[in-house]
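Q: Quick check, what structure comes out for this input:
(2 chains)
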Amino acid sequence: MNESPIRVFLVDDHHLFLSGVRSELGEEFEIVGTANDPSSAISGIAAALPQVVLLDVHMPGGGGRAVLEAIHRPHPEIRFLALSVSDAAEDVIAVIRAGARGYVTKSIAPADLAAAIRRVNDGDAVFSPRLAGFVLDAFGGTLTEPVDEELDLLTQREREVMRLIARGYAYKEVAKRLHLSVKTIESHVSAVLRKLQLSSRHELTRWATERRLV
Amino acid sequence: METHQIRQAIPVDEAGDAPSAGFLGLGLYRSPRQRVVAGVAGGIGERLGVDPVLVRIGFAMLTLCWFAGVVLYALLWAAVPEDEGEMEIVEPGSRRAASLGLVVLGLMILLRNAGLWLGDLVATSLSLVALGVGVLWISSGKKDRERWSRSIVERVQDGPFESPADDKVDKLRLLLGVALLVGGVATFIARTDLFSAAPTVVLAVATTMAGLGLIFGPWGWRLLTQLSEERRERIRSQERAEMAAHLHDSVLQTLALIQRTDQPREMVALARNQERELRSWLNGTLPKRGQTMAGAIEQTAAAVELQLSVPIEVVTVGDIPLDDRLEAMVEACREAIVNAAKHSGSHQISVYMEVEGDQVTVFVRDEGSGFDPEAVAVDRRGITESIQGRMERSGGSAAIVSEAGSGTEVQLTMAIAR
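A: Model (predicted):
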């Protein structure tokens, strides 16, 4: 990489985790700031204007969602990658709906996290197998009639891509299996993310909550 | 009443010491000590050194002239500051009540003469009821009254009858109050044709209910809040005990185990298993013991993970109740996971289960060494018998996709029995 390193901002209320991620990513990325609560994150991000924010979902004081809601509108160019120990459906869906470009769990390997940051910075979406599973479940057609077919349904291709990601394949492998380019896979994934964010389905959130009871 | 008399004299001297203070620098304050309505008459009396009753009579006389007394009183009430120097308030007790009663009586007579009247019958009944409530109110004592008002917003500590019940006189007053209440209603009912007086009946009943509410309301309210408070507390402590028990059995136990082990793989497996358990507990999705397909797959994967110390990532989409054929599928899945964990050398195994349309599909994938399925000896029963044979006997199918070097994926498919 000849370009200047990607500027990253870290938000997490656990100091130990913060310093761990910092040392893991510090060589490849430029860490322009860290914060350990939503309010200092909001002011810090607005001042540092990073390219990518690694955002913890569960924090006292409104959580990652408060940060997303405060920053996403005035600075749409700043990309958010949600990072959490929680993989509860309602947390994942809520953060994605608020504008995060991807969601990974904290158990992710450092190399995979670095790849995810690069991908988010390139404007692509990052789907973990579990998030892909949530999407397939949520758009699975078990719910009431879609309001907007364009947004409330997945195309056959998108479904295939999601299924392969849910099965644990990396984008490169998905591309190979479907005989498509990685770029095409990335555009499918981004399209799915857009649907997830814009879909008129109020049921999405309800689904996420209900799923706990199934 | 002695304290009352003594206190009456003191403020006059005080006011004399500071004549520039108060209303218009006249040293006029509303009296918190001799108060019937707002302490205006009391304040004037204290300033002039006369009995406030005389001042009140003056106000009453003025009221006869086009309500001038009432208007003047209201104006002074708004304009004259309250005396904050002497905060200790002496309750004038029955004297105050009598004064208030006289004021109300006067107003009633005035209204009657002015033609604003509901009729003698209603007025008499209402007066009796009001008198009853008033007697109860006085008999309850200051503390009780404060508590009664407070009880609307917060929990009351003691019963409303506790202190009056201790006192014989107060008990008598209580009885008298109730009797008057009942009397008021009885008079009304006895002297009225119920059907022609429907609206006034409603009024009388409402008044009575208000009186009764005043007497019994705080008590009932206290009982209710106490009960629900107790129940909440019980639930809370039960939950706390449950959580403590759970954390003891799981998290603390695992942490102790992790400290005793020196094998990193085992440590990771223990931590992951604990994480999975805690997570499902927090999410309220406790393992559905063999109830549904997704639950069974998750449970199987967790068991293998703990046994063989390889991380297994499970993603499920949709769900379906378990039946015999699906149980066979779960067994086949277990076999595939165990194979991958034992032989592939992969650092992670992915399991994906999907219920879609009329079929259930399970994928078990590793990124390990892979193998050539054609080259596997027919007598290696692991795959042929446990996976393929099992699936086929139950009406499903199994396919194995593997290449040396790029991992293995076992695909299980089963049609849903309708």
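
Q: Look up the closest residue to the closest residue to chain B within chain A, ignoring the ones flanking it.
A: Taking Cβ to the nearest Cβ as the measure, the point where chain A comes nearest chain B is residue A:168, at 2.8 Å. (Each C-beta comes from the backbone N, C-alpha and C, glycine too.) Nearest non-adjacent residue to residue A:168, counting by Cβ to Cβ, 6 or more residues apart in numbering or on different chains: residue B:350, 2.8 Å away.

Q: secondary structure class for the one you found?
A: Here residue B:350 takes the strand state, with states given by DSSP: H, G, I helix; E, B strand; the rest coil.

Q: OK, contacts around it?
A: A:129, A:167, A:168, B:312, B:313, B:315, B:363, B:364, B:365, B:366 (Cβ atoms under 8 Å, 6 or more residues apart in numbering or on different chains).

Q: which outside residues touch stretch A:47-57?
A: Outside of stretch A:47-57, the residues that reach it under the criterion Cβ under 8 Å, 6+ apart are A:6-14, A:17, A:21, A:32-33, A:41, A:45, A:63-65, A:67-68, A:71, A:75, A:78-84, A:86, A:91, A:95, A:100, A:117, A:120-121.

Q: can you check stretch A:99-113 too?
A: By Cβ under 8 Å, 6+ apart, stretch A:99-113 touches A:17, A:21, A:24-25, A:55, A:64, A:68, A:72, A:79-87, A:92, A:95-96, A:116, A:119-120, A:123-128, A:130-131, A:193, A:197, B:275.

Q: What subset of those residues is buried?
A: With burial judged by 16 or more other Cβ atoms under 10 Å in any protein chain shown, the buried subset of those is A:17, A:21, A:25, A:55, A:64, A:68, A:72, A:79-84, A:86-87, A:92, A:95-96, A:116, A:119-120, A:124-128, A:130-131, A:193, A:197.

Q: Show me those residues that map onto strands.
A: Under the assignment DSSP state E, the buried ones among the contacts of stretch A:99-113 contribute A:55, A:79, A:80, A:81, A:82, A:83, A:84, A:126, A:127 to strands.

Q: Distance of the first one relative to residue A:120?
A: So the one you mean is residue A:55. The gap separating residue A:55 from residue A:120 is 11 Å, by Cβ to Cβ, to the nearest Å.

Q: and what of the fifth one?
A: Using Cβ to Cβ, we find residue A:82 at a distance of 10 Å from residue A:120.

Q: Quick check: longest helix in chain A by residues?
A: In terms of residue count, the longest helix belonging to chain A (DSSP state H) is helix A:182-198.

Q: Would you mark the buried spots in that one?
A: Buried-residue list, helix A:182-198, by 16+ other Cβ under 10 Å: A:185, A:186, A:187, A:188, A:189, A:191, A:192, A:193, A:195, A:196, A:197.

Q: Next, format these as JSON lines and append distance to residue B:253 and pLDDT.
A: Formatted as JSON lines, the buried residues of helix A:182-198 follow (distance: Cβ to Cβ, whole Å; pLDDT from 0 to 100):
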{"residue": "A:185", "distance to residue B:253": "44", "pLDDT": "91"}
{"residue": "A:186", "distance to residue B:253": "44", "pLDDT": "89"}
{"residue": "A:187", "distance to residue B:253": "48", "pLDDT": "90"}
{"residue": "A:188", "distance to residue B:253": "45", "pLDDT": "91"}
{"residue": "A:189", "distance to residue B:253": "41", "pLDDT": "90"}
{"residue": "A:191", "distance to residue B:253": "46", "pLDDT": "89"}
{"residue": "A:192", "distance to residue B:253": "41", "pLDDT": "89"}
{"residue": "A:193", "distance to residue B:253": "40", "pLDDT": "88"}
{"residue": "A:195", "distance to residue B:253": "44", "pLDDT": "85"}
{"residue": "A:196", "distance to residue B:253": "39", "pLDDT": "83"}
{"residue": "A:197", "distance to residue B:253": "42", "pLDDT": "81"}
